[in-house]
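**Student:** Starting from these lines, generate the structure:
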Amino acid sequence: MSSRSGEEWEEEQAARLPKLTDVDVSETAEGDRVTFTFNAPAPRYLDSYEKQLNGPEGKPVKIEGSKFLRVAFVGVDPESRFASPTPNERVLEVRHLMNFEGEMSAGIGIVAPDGAADPAYDISTKGTRVVVDIKE
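**Tutor:** You can find the predicted model right below:
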């Protein structure tokens, strides 16, 4: 009788989870777009504006912008990470915050004119992509 080690089981499970492959910032007619692309169908996500973004052990993460949107992807490959993409005039930074227990968090730093309210946004999945559209 053969058995798998705990490490082998974890590797097999991770191979089934979507892994982040690309992050892109672009402009659209309605505003700005941040696209997260995975190698499999897009995972579930949680999103919210935060006063401060935190990384491992709850330590604050400095990110450019005046408004901060956190997107947490649930059930992703634990190796999912990304380099910050090229920003634009409104989306100043997109940064990997942390991976913890199957969840990967990203922070989006946005400029809000004159300290205005949190910019409206829509977030959706399209196949292997999670698309965040930030409205003008």
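
**Student:** Spatially central residue in this protein, please.
**Tutor:** With distances taken as C-alpha atoms, centre = their mean, the chain has residue 106 as the residue nearest its mean C-alpha position (3.5 Å).

**Student:** Do I have it right that that residue meets residue 91?
**Tutor:** No. Using C-beta atoms under 8 Å, residue 106 is not in contact with residue 91; the gap is 11.9 Å. Any C-beta I mention is one placed from the backbone N, CA and C, and that applies to glycine too.

**Student:** Tell me where the protein is predicted with low confidence.
**Tutor:** Across the chain, residues meeting the criterion (pLDDT under 70) sit at 1-15, 115.

**Student:** Relative to residue 127, how far out is the residue nearest to residue 112 when sequence neighbours are not counted?
**Tutor:** Among residues not flanking residue 112 along the chain, residue 67 sits closest, at 4.7 Å (C-beta to C-beta, 6 or more residues apart in numbering). Taking C-beta to C-beta, to the nearest Å as the criterion, residue 67 is separated from residue 127 by 28 Å.

**Student:** As a check, name the ranges of all helices in this structure.
**Tutor:** Counting by DSSP state H, the segments of the chain that form helices are 6-16.

**Student:** which stretches of it form strands?
**Tutor:** With DSSP state E applied, the chain shows strands at 20-28, 31-38, 44-50, 53-54, 60-61, 67-74, 91-100, 103-110, 121-126, 129-135, listed in chain order.

**Student:** right, so the ones you listed: which one is the most enclosed?
**Tutor:** Per residue and on average, the most neighbours among the strands of the chain fall to strand 103-110, with a mean of 24 (mean count of other C-beta atoms under 10 Å).
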